[in-house]
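S.K.: 3D, please:
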Amino acid sequence: MTPPPALAVSVTGLAKSFGGVPVLSGIDVKVPAATIFSLLGPNGAGKTTMVRILATLGTADRGEVRVGGHDVLREPDKVRRLIGVTGQNSAVDDVLTAAENLRLVGNLLHLPGGEIGRRADNLLKRFDLTAAAGKRAGALSGGTRRRLDLAMSLMGDPRILFLDEPTTGLDPRSRRELWAVIRDLVAGGVTIFLTTQYLEEADQLADRIAVLDGGKIVAEGTPAELKQLVPGGHVRLTFTDSAGLAAASRAVPAAEVDAGELALRVPSDGSAEQLSRLLGRFAEDAIAIGELTIHTPDLDDVFFALTGAPAAKETR
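M.R.: Just a heads-up that it's a prediction; the model follows:
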């Protein structure tokens, strides 16, 4: 039997209050190494508070939190040597050039002089920042600054990276460029803990998603699993003539008939097992299907159903 992957992040019973108001209430999260875990939630749900605790920047009221196998409260220095953090607010110094920002981080990490230069040069190339190396960061575009911010968080060569809404304010093209960088990092063995309000972002990137609302995890699973939590999924079948449509509607009495389009809409979660049973009914009666399409709820539907809040949209 293949052993389970090592856990990069393990959280059990995490709770945090401010001024007597609960912000996190009994959070349990497990994140395998070299995966992308996304924490979704509306503003004020507690996402940033959780990231701060995981990154040793805040303390929990109770619960056990381990990052890279180390207890964040008892072994914060060991945790910090393993992690990188990119927050909602950029850590870039606008007065310094891109290269100087990277070297500044290297000095703060007490890296050897030669290593600082080597890592800075590699990151400038890796993040397509070579042309920006000598430019003041304040003159760079939003997407370029975000890439620089992420590059700075990698100067310490972290194995676990916390990204707290890293693409907020970026245009769609810059956002997708950053997605490509994130995927490359995971392919290289880095674990990503991502908070976001953008459903498409979580759907595109995450291996697993947890939805945080009111300080509690209200759902967790793969994107496909979460989409099956809300109603609205269906299979749409079209037929070449009204006789075929009539026969199909008799075979599946619960289906919704669209006589004008010669179509049948059958409630379905889109699973292979359910689809196989449906097609088996038509095969028994030798009913010919013209076209079949599967429609499942998207993460916007899931987010609204679980939190009562609309999802954030990309700005065009």
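S.K.: secondary structure element for the residue of the chain most remote from its centre?
M.R.: Distance from the C-alpha centroid of the chain peaks at Ala243, with 46.7 Å (C-alpha atoms, centre = their mean). Here Ala243, judged by DSSP states H and E, is contained in helix 242-251.
S.K.: in that helix, which residues are buried?
M.R.: Neighbour counts over helix 242-251 (16 or more other C-beta atoms under 10 Å) mark 244-245, 247-249, 251 as buried. C-beta coordinates here come from the backbone N, C-alpha and C atoms, glycine included.
S.K.: same deal with stretch 93-104?
M.R.: 97-104.
S.K.: how about residues contacting it?
M.R.: Here stretch 93-104 makes contact (C-beta atoms under 8 Å, 6 or more residues apart in numbering) with 92, 116-117, 119-120, 123-124, 129, 132-138, 140, 148, 151-152, 155.
S.K.: can you select the buried ones from these in ChimeraX?
M.R.: Applying 16+ other C-beta under 10 Å to the contacts of stretch 93-104 leaves a buried subset, and the ChimeraX line that selects it is:
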select :92,116,119,120,123,124,129,132,133,137,140,148,151,152,155
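S.K.: where along the stretch 1-150 of the chain do the helices fall?
M.R.: 47-54, 76-80, 98-108, 113-126, 142-153 (DSSP state H, counting those that start in this stretch).
S.K.: so where's the stretch 201-316 of the chain shaky on pLDDT?
M.R.: Across the stretch 201-316 of the chain, the ranges flagged by pLDDT under 70 are 309-316.
S.K.: 50 instead?
M.R.: 314-316 (pLDDT under 50).
S.K.: just checking, Asp71 touches Thr59?
M.R.: No. Asp71 lies out of contact with Thr59 (C-beta atoms under 8 Å); the separation is 11.8 Å.
S.K.: all strands for the stretch 101-250 of the chain, in order.
M.R.: Taking DSSP state E, counting those that start in this stretch to define them, one finds strands in the stretch 101-250 of the chain at 160-164, 191-196, 208-213, 216-221, 234-238.
S.K.: and the ones you listed as a markdown table, adding distance to Val29 and mean neighbour count?
M.R.: Shown next, in a markdown table, are these (distance: least, C-beta to C-beta, whole Å; neighbours: other C-beta atoms under 10 Å):
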| stretch | distance to Val29 | mean neighbour count |
| --- | --- | --- |
| strand 160-164 | 13 | 24 |
| strand 191-196 | 9 | 25 |
| strand 208-213 | 6 | 23 |
| strand 216-221 | 7 | 17 |
| strand 234-238 | 33 | 20 |
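S.K.: list the contacts of stretch 230-245.
M.R.: By C-beta under 8 Å, 6+ apart, stretch 230-245 touches 227, 248, 257, 259, 261-270, 275, 278, 287-297, 301-302, 305.
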